[in-house]
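Enquirer: whatever this is, show me its structure:
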Amino acid sequence: MTKRLHIHAALQQISVRLQHTRAWLAQRLMNVAHSPWPTRTFWSAGNAAPPGRTLLRGGWGCILAAAASPVAAFDVPSGQSLSFQESFYERQDSGALWARFRFIMPSVGAEVVYADVAQDFLSLCEAYVLPSLEGQDQPDLVIISLADRATPFGVANPDATQFFEAFTLSDGSCMWEAF
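Expert: Reported below is the predicted structural model:
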């Protein structure tokens, strides 16, 4: 009986600490929009992101990732298995704001070609991206990628297969853009 009480007390303490952590995190995420977060620049070589690109990490990107992460399953027209990797805003050298949404679809490249998943991009943009951007700064461009594996952003990986599509947002819908 004593062990049960100790375990119960420990679980209660963990629960209280978890609630405090959630409250602290929620407060931090609400304050992100109003605080000057540092930016991180990728200096890359080869086929990775061009040098000098500034990625807003920890700022708006945290809000996007937090809004996106609870979703576990996606219904896409191709019926392929799909999982969320990350999302973030990226400020371009021109000043344009891009929102990137990265997904993992293990069948990409192996048994699935672009034509098989082309409609999945629009579906993801309208069913997932648009709702997750509500209340956020509207990006000039949304880029959605499907990759066969998780890869760090901006790092070239010749073994990875990735498909990309770009959209602009207009009147609550996604408009396909030439990219």
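
Enquirer: when you work out contacts or count neighbours from here on, use the C-alpha atoms and nothing else.
Expert: Fine.

Enquirer: who does residue 98 form a beta bridge with?
Expert: Residue 98 has these beta-bridge partners by DSSP bridges: residue 90, residue 141.

Enquirer: tell me where the protein has helices.
Expert: 2-31, 60-68, 114-124, 130-132 (DSSP state H).

Enquirer: may I see the buried residues of the last one?
Expert: Residues of helix 130-132 classed as buried by neighbour count (16 or more other C-alpha atoms under 10 Å): 130, 132.

Enquirer: please work out the average pLDDT along it.
Expert: Over the span of helix 130-132, the pLDDT mean works out to 92.

Enquirer: contacts only, for residue 139.
Expert: 89, 96, 97, 98, 99, 168, 169 (C-alpha atoms under 8 Å, 6 or more residues apart in numbering).

Enquirer: same thing but 7 Å
Expert: Residues near residue 139 by C-alpha atoms under 7 Å, 6 or more residues apart in numbering: 97, 98, 99.

Enquirer: pLDDT below threshold where in this protein?
Expert: 1-73, 179 (pLDDT under 70).

Enquirer: let's see it at 90
Expert: Within the chain, the segments meeting pLDDT under 90 span 1-75, 109-111, 134-137, 171-172, 178-179.

Enquirer: cool, thanks, talk later.
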